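K.L.:
the sequence and its predicted three-dimensional model are supplied below.
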Amino acid sequence: MSILRGQGSGGAGNGTFTAPQAFPAGSTVTGLALGDFDADTSTDVVACNYEGQSVSVLLHGCNTPPPPPPSPAPTIVDVRDVPNDQGGRVFVTWLRSGLDGGTAPSITGYRVWRRIPPAAAALASFARAETSPALSSVWIRHEASPEGTTVTFWEALVTLPAEQLEGYGYTAPTTQDSMENSNPYTAFFITALTANPNVFYQSSVDSGYSVDNFPPSQPSAFTAIIRSSGVSLQWASNREADLDGYRLYRGTTPNFVPGPGNLVTTMEDTVTVDGGGTAGTFYKLAAIDKHGNQGPVAKATPAPPTGRELGGPVAFALRGAMPNPARDGRFTISYVLASSAPARLEVIDRGRKARGRRERGGARPRRAHARAGTARAVARRCLRRSAGAVGSRAQRQGRGDEVGPTPATAPRHRAR
């Protein structure tokens, strides 16, 4: 059976029709009947099949079928990076539930869930077994995979009220920023809530990644002094919380372009000696962060040494832990040694028990910093000279320590 739909509007024809559309029917159709047999305001077609002694019903045969009922589940539209920030955040946007509107809306709110990374999920599972109140918002969702059913852990971030809006959004924190060579995704889904806690509707899972858009600042106090062993270079340490180190470049003209071909070294310290440097070389220095962003370069031209070894007055100094607080548990302690006497950087807990130490010193005064790693102890850090303990105090908590073993649990503190 073929049907040609009229192309008029408002119930009036204009003499034109669509191309024929074929629909299955019985053998030897002898009559047709039109009517709204399912009470959906669309015209239906019934065909009488002479040889088969049956009828064929084509619902919505002459009109566009009505739209399907709205889905009660919300629909995630996008998970995208928040632009022009330090990273760690994405916009999660979704369309409302089909029950969030009309004359009798039943949706009371929306809950945003974030998937916990596998390593953190293992810790969450252990802590959940210990009935930790801090993980009361962690929920287990069973999902099918080619290998079978797997258990995924989800964390409730926020619950927002329903206001019968067409679309909703939330600026959600991610579990990790994009790195120089990878884009780790963070997954989310949305639950539409009702007054009955046992009745809710879940969206599909979607994911996105955040980007650190801000590079480190230009290093300051960058100097280059000609020595018998090469060129001695030093600079002041940057204070960015996500600082990863510095890239030092060397060229033969002042306007050389920094690149892999003229990279001298990548380092975390703020003092180095370039054995290949001469009076005719030029240097450029840039700070880099943990996400691969490189900041603007500082420039230095080698100069002969002055009356002072370091080119200016030097005094013993110890600066507190940076960053403060340290989001990832790592900190850097910067210091200045005004003499060639040996120095020792100690990490001491509240019970005055040494947790680790690092020996420092050299043939000349120096400015530098020690990257002490992470610590799980509440610690007091002192830079000691042979004349006695001089320096500042700091308190913080982290995970593990490169300078020595520490207890596995401790309260969280800011560095002071």
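P.N.:
Sure, I can see it.

K.L.:
where along the stretch 1-150 of the chain do the strands fall?
P.N.:
Assigned by DSSP state E, counting those that start in this stretch, the stretch 1-150 of the chain shows strands spanning 2-3, 21-22, 29-35, 44-49, 54-58, 75-81, 89-95, 107-115, 138-145, 148-161.

K.L.:
got it, and the stretch 151-300 of the chain?
P.N.:
167-173, 186-194, 200-202, 206-208, 223-227, 230-234, 243-251, 263-267, 271-274, 282-289, 298-300.

K.L.:
what comes into contact with the second one?
P.N.:
Identification of contacts with strand 186-194 by Cβ atoms under 8 Å, 6 or more residues apart in numbering yields 72-74, 76, 79, 90, 92, 94, 96-97, 99-100, 106-115, 154, 159, 162, 172, 174-176, 200-210. Just so you know, the C-beta spots here come from the backbone N, C-alpha and C atoms, and that holds for glycine as well.

K.L.:
same check on the fifth one?
P.N.:
When contacts are taken as Cβ under 8 Å, 6+ apart, the neighbours of strand 223-227 outside the stretch itself are 231-235, 273, 277-279, 283, 300-305, 311.

K.L.:
ok, residue 301 - contacts?
P.N.:
Contacts of residue 301 (Cβ under 8 Å, 6+ apart): 224, 254, 282, 283.

K.L.:
pLDDT wise, what is it at?
P.N.:
Here the pLDDT value assigned to residue 301 is 94.

K.L.:
please work out the average pLDDT along stretch 165-180.
P.N.:
Here the average pLDDT along stretch 165-180 is 90.

K.L.:
any buried residues in that stretch, and which?
P.N.:
For stretch 165-180, the neighbour count (16 or more other Cβ atoms under 10 Å) marks 168, 170, 172, 174, 175, 176, 177, 178 as buried.

K.L.:
can you check stretch 204-217 too?
P.N.:
So, applying 16+ other Cβ under 10 Å, buried residues of stretch 204-217: 205, 206, 207, 208, 209, 210, 211, 212, 214, 215, 216.

K.L.:
just the buried members of the contacts of strand 223-227?
P.N.:
Using 16+ other Cβ under 10 Å, the buried members of the contacts of strand 223-227 are 231, 232, 233, 234, 235, 277, 283, 300, 302, 311.

K.L.:
so where's this structure uncertain?
P.N.:
The chain contains residues with pLDDT under 70 at 10-11, 60-68, 119-149, 307-340, 347-416.

K.L.:
from the contacts of residue 301, which is closest to residue 6?
P.N.:
Nearest to residue 6 among the contacts of residue 301: residue 254, at 79.7 Å, using Cβ to Cβ.

K.L.:
show me what contacts that closest one?
P.N.:
Contacts for residue 254 were tallied using Cβ under 8 Å, 6+ apart; they are 282, 299, 301.

K.L.:
wait, the first one sits on residue 248?
P.N.:
No: using Cβ atoms under 8 Å, residue 282 and residue 248 do not qualify as a contacting pair, with a distance of 11.6 Å.

K.L.:
the more surrounded of these two?
P.N.:
Remark: of residue 282 and residue 248, residue 248 carries more neighbours, 23 against 19, as counted by other Cβ atoms under 10 Å.

K.L.:
if anything else comes up later, I'll come back, but that's it for now.
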